[in-house]
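>>> Sequence first, then the predicted structure:
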Amino acid sequence: MVPGWPPSDQDLVPVIEDSIHFFYISDILNSVSGDQTNDLTQNLPQLRLAFFNFAEAWVFAFLPLLLADKNRLPLPVVLGTWFGALGLTNAFLTPYLAARQLSLIVSGDKYTIDTAASDDLDDQQSGNKALKLFFGLIATLVVGYAGYETILTTVTTPGEWNDFLLLVKNDRTYLAFAVDLVLFSFIQSFLLEGMNGSKHASDKIPFVGLISWLVR
């Protein structure tokens, strides 16, 4: 979403439909129960669902990184930003980073921590390995399934790409999602660059770099 540029009710229809299938949870439940009467994905474009879930999975995977950031804002602010980002993506993450940088300028700190703080941070990060792995696996599974649906749709109904590209071009909500993905790449690279010992070449690869940090 774009702050100061609210979408119309018509713009929100596709994303509301897709939000029912957040992380494909409802689809999995319907498959397990064998209840096809509530299968609402039959008439929904799979490329749209894949795009939506990819963006949401990327935002979802940011939480451990935001928590591990040594210059992060207080925990309630971080959690509030992350929950808001799950619904409005960059409309929360970008202002959070701006506030984070402002707090560093006001406090006079600039990416410096003493040895004791560094040791505490290392201990905290070690304790968060399970959390990182959990978020990394969930995001990977969601994006993996979204990728499978994308490939399947490309092979079976390639014409759906035309409809999807028109949606991104004309629908302000999905245009914002497309912009979000670009911003996520910069946010991911910026935060990973500030992490202790995070000097891997994969850090700058969109989404992949974040997953790599989560599972290592």
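Alright, I've got the coordinates.
>>> number of nearby residues for Thr173?
21 (other CB atoms under 10 Å). C-beta: built from backbone N, CA, C; applies to glycine.
>>> next one: Phe135
By the measure other CB under 10 Å, the count of residues near Phe135 is 22.
>>> tell me which element it falls in.
Following DSSP states H and E, one finds Phe135 within helix 129-156.
>>> Taking the centroid of the chain, which residue is nearest it?
For the chain, Val59 is the residue whose C-alpha lies nearest the centre (CA atoms, centre = their mean; 1.7 Å).
>>> and the spatially closest residue to that residue that is not a sequence neighbour, how far is that from Phe51?
Nearest residue to Val59, sequence neighbours excluded (CB to CB, 6 or more residues apart in numbering): Ala85, at 4.8 Å. Counting by CB to CB, to the nearest Å, the separation of Ala85 from Phe51 is 17 Å.
>>> Counting neighbours, go ahead and name the busier of those two.
Ala85 (24 against 21).
>>> That one touches Phe62, doesn't it?
Yes: Ala85 lies in contact with Phe62 (CB atoms under 8 Å); the separation is 7.1 Å.
>>> Check what pLDDT the residue nearest to Val59 gets.
Predicted confidence (pLDDT) for Ala85: 90.
>>> who's in contact with Val78?
Neighbouring residues of Val78 by CB atoms under 8 Å, 6 or more residues apart in numbering: 66-67, 72, 96.
>>> again, 6 Å this time
Val78 makes contact with 66, 72, according to CB atoms under 6 Å, 6 or more residues apart in numbering.
>>> Which positions in whatever helix or strand it lives in come out as buried?
Following DSSP H and E, one finds Val78 within helix 75-88. Neighbour counts using 16 or more other CB atoms under 10 Å place 78, 81-82, 84-86, 88 of helix 75-88 among the buried residues.
>>> repeat for stretch 180-196
Of all the residues in stretch 180-196, those buried under the rule 16+ other CB under 10 Å are 180-181, 184-185, 187-188, 191-192, 195.
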